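Engineer: 3D model of this:
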Amino acid sequence: MDLFKKKNKQFIQKDQAQATANATTQSNFEGITSKNHVQSNKPLIPYRYTVLNASNKKETGIFAAENESDVRNFLTAQGYQILKVEVKKFYDIELGGNGKLKTSALAFSLTQLSTYIKAGIPLVDAVRIIARQSRDPGEKKAYNRLVYDLLKGENLSDAMMKQDKKFPKLLINMIKTAEMTGDLPTILDDMADYYTSMEQTRKQMISAMTYPAVVLCLAIGVLIFMLIYLVPQFVDLFESQEATLPAITIAIINISNFFKKHFILIIGGTLGFILLFRFLYKNIIVFRTFIQKILMHLPVFGNIIIYNEIANFTKTFASLLNHGVFITDSMEILYKITNNEIYKRIIHKTLDNLGKGESVSKAFKGEWAVPIVAYEMIVTGENTGQLGLMMDKVAVHFQSLHKSLINQVKSLIEPFMIIVLAVIVGIILVSIIVPMFDLYGKIQ
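Structural biologist: Got it, this is the predicted structure:
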């Protein structure tokens with residue numbers, strides 16, 4: 001923590017010195033961009049630039065602006081020495097950096113931003129420091145774009161909205177609320193904690209699935225090796241000695257021959273199925289709903305999904321309510337950020353009920369995807385007027401259940417996968433060994 005504070009202090013001091021040195025340039029830039037902003041919302045043109053940074057090292061990147069003058073003024077205001085700025089060629093493809101910001105990086109950046117604002121650093125300068133610290137090209141580009149829009153007079157939420165593929169919708173809405181209440185640092189801290197918690201949950205899920213995935217890949221690899229290479233070696237031996245083959249050996253040989261003849265077709269079909277499944281899941285709501293229902297009704301794994309969804313839903317709902325967002329607005333935000341179609345339907349039903357003047361809890365009553373504990377806590381929160389507090393407690397409860405269930409699955413799935421692998425390999429070995437005894441009897 002001390003190291004973080006020292007590092008922040010160094011960046012703050014350096015940025016303040018840089019801001020003083022570039023005060024005139026920045027003032028010119030603000031004048032130009034604000035004038036352009038008032039005139040029209042012109043389409044932004046992507047420019048490829050090459051600059052020298054404060055360490056006298058070359059940096060290159062792509063930045064979209066209304067004209068080249070804006071790009072040059074912006075880069076100069078950032079403290080860069082410009083070497084070249086030109087319109088991006090059609091064949092100049094920017095690889096990576098176009099997806100959402102990583103949750104862990106976003107949480108850390110929000111903590112930094114809050115710290116700088118509390119230290120009295122202006123918002124635009126605080127974002128500039130984060131942009132300068134970023135090593136990931138996608139992050140640097142996103143935060144530079146925020147600086148550009150902030151200097152043009154945009155609010156932080158509006159600037160983020162222009163990059164909604166980079167910044168989560170929940171964060172944008174929470175910052176919009178903070179701008180109305182004037183308490184931006186507190187919400188930034190809360191959102192940093194929120195995304196840190198989400199990242200921990202995601203890592204738990206990955207940790208739980210890593211071992212089974214590795215074992216499954218090894219099992220498939222061993223199985224393919226035995227069927228394509230090992231079994232055919234013994235088939236030639238059995239045929240030359242006219243050994244009597246049991247049914248299990250004949251079945252394994254048939255499977256082996258099928259794999260050998262159609263190996264490329266099997267691999268291609270598998271990849272095609274995965275791509276088709278992914279396309280349908282992303283684009284067809286009915287298909288996505290069907291798959292989610294199946295997964296949520298699986299033994300054990302279904303509860304893992306439900307506990308995770310309920311924990312995320314209640315934690316987000318609590319965060320919105322505790323920061324003064326109206327229930328209807330909260331539900332609309334939750335509807336936009338939820339990827340699970342079952343919960344989208346419940347939230348939509350809640351919005352309909354609220355429109356009729358009914359309670360939130362009515363939409364959750366009797367829903368198979370909502371545990372009875374969560375429903376009762378929603379009712380209690382409504383009756384006591386402390387719905388936000390109750391949602392916080394529900395989130396903590398189900399996060400604990402989710403973590404406990406994942407640990408149980410990890411401890412059970414390891415021996416289970418080993419047994420499955422042993423059974424598969426054992427069946428193939430038995431199919432080879434049994435005819436060997438027949439051959440041995442003939443030789444005797």
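
Engineer: so where's the protein uncertain?
Structural biologist: 1-42, 94-98, 243, 438, 441-444 (pLDDT under 70).

Engineer: pretty sure V51 belongs to a strand, no?
Structural biologist: Yes - under DSSP: H, G, I helix; E, B strand; the rest coil, V51 sits within a strand.

Engineer: any idea how far the closest residue to it other than its chain neighbours lies from V396?
Structural biologist: Once flanking residues are discounted, V51 sits nearest to Y80: 3.8 Å by C-beta to C-beta, 6 or more residues apart in numbering. Placement of C-beta: from N, CA and C, glycine included. Counting by C-beta to C-beta, to the nearest Å, the gap from Y80 to V396 is 46 Å.

Engineer: do the same with Q163
Structural biologist: 32 Å.

Engineer: Over to V409?
Structural biologist: 21 Å.

Engineer: When these two are compared, which one has more neighbours?
Structural biologist: A direct count of neighbours by other C-beta atoms under 10 Å for V409 and V396 places V409 higher, at 18 against 15.

Engineer: give the contact list for that one.
Structural biologist: By C-beta atoms under 8 Å, 6 or more residues apart in numbering, V409 lies in contact with A208, V300, F301, I304.

Engineer: Which of the residues you listed are buried, as a PyMOL select command?
Structural biologist: A single PyMOL command selects the buried members of these (16 or more other C-beta atoms under 10 Å):
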select buried, resi 208+304
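
Engineer: Test my guess that L52 contacts Q78.
Structural biologist: No - using C-beta atoms under 8 Å, L52 is not in contact with Q78; the gap is 11.7 Å.

Engineer: okay, these two: which has more neighbours?
Structural biologist: Between L52 and Q78, counted using other C-beta under 10 Å, Q78 has the larger neighbour count: 21 against 14.

Engineer: Just confirm that one contacts R128, I think it does.
Structural biologist: Yes - applying C-beta under 8 Å, one finds Q78 in contact with R128, separated by 6.6 Å.

Engineer: what's the overlap in contacts for the two?
Structural biologist: Joint contacts of Q78 and R128 (C-beta under 8 Å, 6+ apart) are V147.

Engineer: number of nearby residues for L275?
Structural biologist: Neighbours of L275 (other C-beta under 10 Å): 10.

Engineer: Quick check: it is in a helix.
Structural biologist: Yes - under three-state DSSP, L275 falls within a helix.

Engineer: what's the spacing between it and N283?
Structural biologist: For L275, the distance to N283 equals 12 Å [C-beta to C-beta].

Engineer: what's the answer for L146, then?
Structural biologist: Here L146 is placed at a distance of 31 Å from N283 (C-beta to C-beta).

Engineer: got it, and V215?
Structural biologist: When V215 is compared with N283 (using C-beta to C-beta), they lie 32 Å apart.

Engineer: what about these two, which has more around it?
Structural biologist: Neighbours per residue (other C-beta under 10 Å) separate V215 from N283, with V215 holding more: 17 against 9.

Engineer: Is that one in a helix, a strand, or coil?
Structural biologist: Per three-state DSSP, the secondary structure class of V215 is helix.

Engineer: Got the phi and psi for E86?
Structural biologist: phi -150, psi 160 (degrees, to the nearest 10).

Engineer: and if you look at V420?
Structural biologist: phi -60, psi -50.

Engineer: What are the neighbouring residues in contact with it?
Structural biologist: A219.

Engineer: That one and V434, how far apart?
Structural biologist: V420 is 22 Å from V434, by C-beta to C-beta.

Engineer: Surely V434 and T249 touch.
Structural biologist: Yes - counting by C-beta under 8 Å, V434 does reach T249; the two are 6.3 Å apart.

Engineer: Could you give the number of residues near A142?
Structural biologist: 25.

Engineer: rewinding a little: does the residue nearest to V51 touch N56 like I think?
Structural biologist: No - between Y80 and N56 there is no contact under C-beta under 8 Å: 10.9 Å.

Engineer: More neighbours: which of these two?
Structural biologist: It is Y80, of Y80 and N56, that has more neighbours when counted by other C-beta under 10 Å, with 19 against 7.

Engineer: what's the distance between the more buried one and F63?
Structural biologist: Look at Y80 and F63: by C-beta to C-beta, they are 11 Å apart.

Engineer: same thing with T350?
Structural biologist: On the measure of C-beta to C-beta, T350 and F63 end up 42 Å apart.

Engineer: Which one's more surrounded, these two?
Structural biologist: Counting neighbours by other C-beta under 10 Å for T350 and for F63 shows that T350 has the greater number, 23 against 20.

Engineer: In this structure that one contacts A363, no?
Structural biologist: Yes - counting by C-beta under 8 Å, T350 touches A363, with 3.9 Å between them.

Engineer: how about I62, secondary structure?
Structural biologist: strand.

Engineer: Can you give me the neighbour number for it?
Structural biologist: 15.

Engineer: Tell me which residues touch it, please.
Structural biologist: P46, Y47, R48, Y49, K88, D92, E94, K141.

Engineer: Pipe those residues into CSV and attach neighbour count, distance to I346 and secondary structure per row.
Structural biologist: Formatted as CSV, the contacts of I62 follow (neighbours: other C-beta atoms under 10 Å; distance: C-beta to C-beta, whole Å; DSSP: H, G, I helix; E, B strand; the rest coil):
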residue, neighbour count, distance to I346, secondary structure
P46, 14, 42, strand
Y47, 21, 46, strand
R48, 17, 48, strand
Y49, 21, 48, strand
K88, 16, 45, coil
D92, 11, 46, coil
E94, 14, 40, coil
K141, 21, 37, helix
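
Engineer: how about these in TSV, adding distance to I172?
Structural biologist: TSV is the format used below for these (distance: C-beta to C-beta, whole Å):
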residue	distance to I172
P46	23
Y47	26
R48	29
Y49	27
K88	27
D92	30
E94	24
K141	18
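
Engineer: Now the two most distant members of those.
Structural biologist: D92 and K141 (14.3 Å; C-beta to C-beta).

Engineer: Many thanks, have a good one.
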